[in-house]
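[1] need a 3D model of the sequence below.
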Amino acid sequence: MRANADAPRWVGSILALPSLWPLARLALVSAYLVGGFTKLFDFAGAIGEQEHFGLYPGWLWASLAILVELGGSALVVAGRQVWLGAGGLGVLTAIAMLTANNFWALAGHDRFMALNAFFEHLGLIAGLIVVAQRSDHRPALRLHLQQSLYSDGNRSGATVSESRQHHGDTQQ
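    Presented below is the predicted three-dimensional model:
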């Protein structure tokens, strides 16, 4: 059985690519990396941004944002203590969406834009949760995906190892 039984085999092959997982983690935190470096290189602007949203002292909130955006992203991309990096980014994102995307206090087009941004941030938080959950299970998931791909053509009841040898894959 494949990891996604209803998905075509080619989709399962793409999802099983070893490079996909680190690239997906990098893509997930890319906005935080851009934001963190932008704040770092324009610290006065970062302070102004924090104070604009009512976060005082601005220098403290800007420093914390830079630390979390860059440090949390580095942990997620490196696959080390992902729970900590993703958790920090999730909390930062929740604070940002509640302070900067207060759609409940707006009307018309501004309300629509803030509502959209609010739910985009909520989606990022959900993605960070998934990354934190899956990072704890990567070796088991990788083995499951490999077994699923090999077992598709394995109707004889052979073991995964025997199936690999039959298909010319000698790596264990």
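
[2] quick one: buried residues of stretch 43-63?
    Of all the residues in stretch 43-63, those buried under the rule 16 or more other CB atoms under 10 Å are 46-47, 49-50, 53, 55, 58, 61-63. No exception for glycine: its C-beta is placed from N, CA and C like everyone else's.

[3] same question but for stretch 17-26, I mixed them up
    Neighbour counts over stretch 17-26 (16+ other CB under 10 Å) mark 21, 25 as buried.

[4] stretch 103-115 too?
    In terms of neighbour count (16+ other CB under 10 Å), stretch 103-115 has its buried residues at 103, 114.

[5] ok, residues contacting that stretch?
    Stretch 103-115 is contacted by residues 101-102, 118 when judged by CB atoms under 8 Å, 6 or more residues apart in numbering.

[6] which among the residues you listed count as buried?
    Buried members of the contacts of stretch 103-115, counted by 16+ other CB under 10 Å: 101, 118.

[7] which among the contacts of stretch 103-115 gets closest to residue 16?
    Checking the contacts of stretch 103-115 against residue 16 with CB to CB, the nearest one is residue 118 at 34.5 Å.

[8] now that closest one: closest residue in space, sequence neighbours ignored.
    Once flanking residues are discounted, residue 118 sits nearest to residue 101: 4.0 Å by CB to CB, 6 or more residues apart in numbering.

[9] got a list of what the one you found touches?
    Counting by CB under 8 Å, 6+ apart, the residues that residue 101 touches are 114-115, 117-118, 121.

[10] spatially central residue in the chain, please.
    For the chain, the residue lying nearest the average C-alpha position, counting by CA atoms, centre = their mean, turns out to be residue 28 (3.9 Å).

[11] before we move on, what SS does that one have?
    Classification of residue 28 using DSSP: H, G, I helix; E, B strand; the rest coil returns helix.

[12] when you give positions from now on, start the count at 394
    Sure, I'll start counting at 394 from here, so that last one is residue 421.

[13] who are the contact partners of residue 466?
    422, 425-426, 429, 478, 482.

[14] gap between it and residue 441?
    From residue 466 across to residue 441, the span is 23 Å (CB to CB, to the nearest Å).
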